[in-house]
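In: Build me a model:
(chains A and B)
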Amino acid sequence: MTKRKLANILFFLILVLGALIMVFPFFWMISTSVKTPSEAAQVPPMLWPKHPHWVNFVNAFHAAPFGRYLVNSLIVTVCTTAAQMFTSILAAFAFSKLKFWGKNLIFMIFLTTMMVPIEMLIIPNYVTLSETHLMNTYLALILPWAASFFTVFTLRQAFNAVPPQVYYAAKIDGASDWKYLWTVLVPICRSSIVAMTILEVISSWNDFMWPMIVTNDPNMRTLPVAVASFTNDVGTNYPYMMAAATFVIIPMIILYVILEKYIIQGITKGGLVG
Amino acid sequence: MQVRFSHISLAFTPDKDTLHDLNFTINDGELVCLLGPSGGGKSTTLNLISGLLVPTKGKVLFDNQDVTKMGPSERKIGMVFQNYSLYPHLTVENNIAFPLKIAHWKKADRLARAAKLAKLVHVEDQLQKNVNELSGGQQQRVAIARALAKDPNILLLDEPLSNLDARLRMEMREEIRRIQQETKITTVFVTHDQSEAMHISDSVMVLHNAQIQQYSKPNELYDHPANQFVASFIGDNPLNTFDRSLLDDTELKEELGEVYDKATTVGVRAENIVLTKSEDTYQHGVRCKLLKSHRYGLISTRLYSFKGIELDATGLTEIHDINEEVEIYFQKRGFFLFDASGNNLFLE
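Out: Presented below is the predicted three-dimensional model:
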C-alpha cells in the first residue's frame, strides 16, 4: 500500500514537472508582456516585475490596427479550414468507398506528396500566385491550404474503419452516395473530423511564414505577422510583442479547452501521431 | 412478391463463374432459405436479389417485371445484415426511421411508423436508446424493423443470426418466423446452418459450387436428397459414405437389385443404423466390430469398423461390448446409392 502511494506521489511529481515545463513559456510570455523594455532585457532575467505594466496590453493593441488583423485572421482561418475539410472529406470518401480507375495509383502519388516539406512548396506556390495576380488577396492566403493530403489520409483511415455493410444498408435504405456521406459517414466519424478541423484551425491561425510572404499590404496581414511587426530596424519591443502574442493565442487556448475531448479522441482513434 | 431468376450467371473473374446458370422461383409470401457452405454463392445470390450486385448474364424478375438493371433502392426491398449494420450515431427510433427520412417522409409520420415497427419486433421500450446500448439480439430486432420501414415487397436476411449466441439464435429464429408470418412478406434468408434452415423455412435452396444442388421443402431435402452433397450437408449427424465395392460380396447387394450396378458410392445416415431388422430396414445386414462407444446427455454415438472403414451410428440403445462382432442393418429411409457424379440413384 505505502509502496503504491510512493509510486503515485513520484508519478504525480513527474507530471507536475512536465506540466511546469509546458506552461513556463506561456508564463514567460505574460511576465514579459507586463515588463518595461529595460526590465525585459535585464540580466539575470527577473521572473515577475515588481510593478506589472498592464498598460502594455492597451498600448500594444493601439500600436497597430489589430482589429483589422483579427478580422483577416478570422476570415483566413475559417475559409481555409472549411475549404480544406470539405475537399478532404470528399477525397477521403472517394479513396475509401468509391471504385474508379487508377484509385490506388493516384492514392500513392498523393501519398508521396506528404514527403515534400512545406518549405519546398513556397516558391512554386508564390510564383503561381504572383503570375495569376493574386498577391495581397484573401485567395492567396486561403487557396494553397484548401486541400491537404494529410487530412485526406487521416479521414480515409477513419472512413475505412466503418464496415462496408453500413454503406450497403444505406444504399438499400435509398441513400445516394452524397446522402450517405453527409448523413451517415460524417456523423459516425465526427471525432476524427473535429480533431482534424481543430488541428487545421490551429495551424492556420498560427501560420506565419505564408501570410508574411504573400502579403505586403498592411491591411492584408494576419495576427502572427502583425506580432512580428514589433521588430524593426532599431530592435524589438519585447513587452509589446509578448502582449500582442498573448491576445493572439488566447482564442486558441479557449478553443482547445472547450474541444479537448474531441482532439484527444480523434488523435487516439485515428492512430496518428501528429 | 414473386422472385424469379432466369439463367443468371455471375463472374467476378472472366475464367470462373461465381454463380452458373441459376433458375428458380420464390413464391409470394414464402420464407426461403439459401443454404450452403461458405463460398457456395448464397450471399452472392442474395445480393443479386437486392441489386447490390448485377449479374453478368440472365434476368432477375419480380412479379414478371424485369428488375435486372434497377438499383437496390428502386427494388422495394429491405435487408438485414449479419453484423446488424445499424447507424451507430442514431437512436433506435431514428435508425428505424432512417429509410423514411431519406424518402422525405414528414417527421411525425416517420416516428409513428417507427413506433409501430418497434412494437412488431418488441423493442418499443428501447426507442430513445442509442443502438450501441442494446444487446446483439435487440440490435438485430432493430435491424429487422429498419428493413421493414418502407414496407418492402421482399425481406432479405444475410446470416442474421450468426453473431448471436446459441440460445438467442433459437429465440430470434422463431421471432423471424413470427414476424414473417404476421407481415406475410416474401423473405429470403441466408444461412450456413442447416438446422436453422430446416426449422424456419417453407423451402430450402442448397447452393454449392456456383449451382443449385436442390431446391425443395425442408423434409424433402432430408428424406430425398438429390445428391451426395445434399445428403451429407443436411442432417445433424455426419453421413457415412463408403465405396460400393465393399458390399460386392454381401447378400445386401442382391437385395438392392439393378440399381446397385450403377452406383459407385454408398451413403448411410448415422441415425439409420440399427441392430435389429424390421420392415423399415433391408433384410440383409453387414458384420461389424464395435470400436468405440460414447454417450453425452441424450445422444449416444458409436463407432463401428466395417472392412477397414469406420461407420458412425447414433441413437442405438442396445448395449454390447467393445470389439464384439455384430450384424448391423440399414434403415431404408437413410440409405442412399450415388452414381459417379454424386446423384442419388433412388430418385430416378
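In: tell me what the worst-scoring helix or strand of chain B on mean pLDDT is packed against?
Out: When each helix and strand of chain B is scored by mean pLDDT, DSSP states H and E, helix B:251-256 comes last, with a mean of 80. The contact analysis (3 or more Cβ pairs under 8 Å, 6 or more residues apart in numbering or on different chains; DSSP states H and E) places helix B:251-256 against no helix or strand. The way it works is simple: take the backbone N, C-alpha and C, and place the C-beta from them, glycine included.
In: Only alpha carbons, please: show it as PDB.
Out: Coordinates of each C-alpha in helix B:251-256 appear next as PDB, following Å, rounded to 0.1, in the frame of the first residue of the first chain:
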ATOM      1  CA  GLU B 251     -26.300 -60.500 -49.700                       C
ATOM      2  CA  LEU B 252     -27.400 -56.900 -49.400                       C
ATOM      3  CA  LYS B 253     -26.100 -56.500 -53.000                       C
ATOM      4  CA  GLU B 254     -28.700 -58.900 -54.300                       C
ATOM      5  CA  GLU B 255     -31.400 -57.300 -52.300                       C
ATOM      6  CA  LEU B 256     -30.700 -53.900 -53.800                       C
END
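In: and after it, which helix or strand comes next?
Out: Downstream of helix B:251-256, the first helix or strand assigned by DSSP states H and E is helix B:259-262.
In: Does the residue of the stretch 201-348 of chain B found nearest chain A belong to a helix, a strand or coil?
Out: Closest approach between the stretch 201-348 of chain B and chain A, counting by Cβ to the nearest Cβ: B:L207, at 20.1 Å. Using DSSP: H, G, I helix; E, B strand; the rest coil, the structure places B:L207 in strand.
In: How many residues are close by the residue nearest to it when sequence neighbours are not counted?
Out: Leaving aside its chain neighbours, B:L207 sits nearest to B:G36 (4.0 Å; criterion: Cβ to Cβ, 6 or more residues apart in numbering or on different chains). B:G36 has 28 neighbours, counted by other Cβ atoms under 10 Å in any protein chain shown.
In: Pull out the buried positions in the least confident helix or strand of chain B.
Out: B:L252, B:L256 (16 or more other Cβ atoms under 10 Å in any protein chain shown).
In: same deal with stretch B:275-290?
Out: B:L275, B:K277, B:T281, B:Y282, B:H284, B:G285, B:V286, B:C288, B:L290.
In: if I look at the nearest residue to the first one once chain neighbours are set aside, how far off is B:L252?
Out: Think B:L275. Distances taken as Cβ to Cβ, 6+ apart put B:E318 closest to B:L275, at 5.2 Å, once the chain neighbours are dropped. Per Cβ to Cβ, to the nearest Å, B:E318 is found 21 Å from B:L252.
In: isn't B:F81 right next to A:Y168, touching?
Out: Yes - B:F81 lies in contact with A:Y168 (Cβ atoms under 8 Å); the separation is 7.1 Å.
In: out of these two, which sits in the busier spot?
Out: With neighbours defined as other Cβ under 10 Å, B:F81 and A:Y168 compare such that B:F81 has more, 24 against 18.
In: Quick one, grab the pLDDT at the residue lying closest to that one once chain neighbours are set aside.
Out: Excluding the flanking residues, the one nearest B:F81 by Cβ to Cβ, 6+ apart is A:Q165, at 4.4 Å. Listed pLDDT for A:Q165 reads 88.
In: and A:Q165, what helix or strand is that in?
Out: Per DSSP H and E: A:Q165 is located in helix A:164-172.
In: how about that helix: buried residues?
Out: Here helix A:164-172 shows A:Q165, A:V166, A:Y167, A:Y168, A:A169, A:A170, A:K171, A:I172 as buried, counting by 16+ other Cβ under 10 Å.
In: need the residues you listed in a markdown table with distance to B:G297, can you?
Out: Output for the buried residues of helix A:164-172, formatted as a markdown table (distance: Cβ to Cβ, whole Å):
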| residue | distance to B:G297 |
| --- | --- |
| A:Q165 | 37 |
| A:V166 | 41 |
| A:Y167 | 44 |
| A:Y168 | 41 |
| A:A169 | 40 |
| A:A170 | 45 |
| A:K171 | 46 |
| A:I172 | 42 |
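In: Can you name the residues of the stretch 51-200 of chain A sitting close to chain B?
Out: A:163, A:165-166, A:168-175, A:179, A:183-184, A:187-188, A:190 (Cβ under 8 Å from any Cβ of the partner chain).
In: Other residues contacting stretch A:178-196?
Out: A:85, A:88-90, A:93, A:97, A:151, A:154-155, A:157-159, A:161-162, A:166-167, A:170-171, A:175, A:259, A:262-263, A:265-267, A:269-270, B:87-89, B:101-102 (Cβ atoms under 8 Å, 6 or more residues apart in numbering or on different chains).
In: just stretch B:149-156 next, same as before
Out: A:173-174, B:1, B:3, B:46, B:49-50, B:62, B:75-80, B:96-100, B:103, B:113-114, B:117, B:144, B:147-148, B:180, B:183, B:185-188, B:190.
In: Could I get the phi/psi values of B:K184?
Out: Torsion angles at B:K184 (phi, psi; degrees, to the nearest 10) stand at phi 60, psi 30.
In: Spatially, which residue comes closest to it, not counting chain neighbours?
Out: Closest to B:K184 by Cβ to Cβ, 6+ apart is B:G29, at 5.0 Å.
In: Pretty sure B:I185 is one of the things the one you found touches, is it not?
Out: Yes - the criterion here is Cβ under 8 Å, and B:G29 meets it with B:I185 at 7.4 Å.
In: Between the two, which has more neighbouring residues?
Out: More crowded of B:G29 and B:I185, by other Cβ under 10 Å: B:I185, with 21 against 15.
In: Looking at that one now. What's its pLDDT?
Out: pLDDT at B:I185 comes out at 92.
In: Where does the nearest residue to it once chain neighbours are set aside fall, secondary structure wise?
Out: Spatially, and ignoring its direct neighbours in sequence, B:I185 is nearest to B:L155 (5.0 Å; Cβ to Cβ, 6+ apart). B:L155 is located in strand B:154-158, with elements delineated by DSSP H and E.
In: ok, now B:L316?
Out: Using DSSP H and E, no helix or strand contains B:L316.
In: picking that back up, separate out the buried members of the contacts of stretch A:178-196.
Out: The buried subset of those - by 16+ other Cβ under 10 Å - is A:85, A:88-89, A:93, A:97, A:151, A:154-155, A:157-159, A:162, A:166-167, A:170-171, A:175, A:259, A:262-263, A:265-267, A:269-270, B:87, B:89, B:101-102.
In: now, which of the residues you listed lie within strands?
Out: Per DSSP state E, strands hold no members of these.
In: Please report the number of neighbouring residues for the closest residue to A:D217 other than its chain neighbours.
Out: Computed as Cβ to Cβ, 6+ apart, the closest residue to A:D217 that is not its neighbour in sequence is A:N136, at 4.5 Å. Close neighbours of A:N136, defined as other Cβ under 10 Å, add up to 16.
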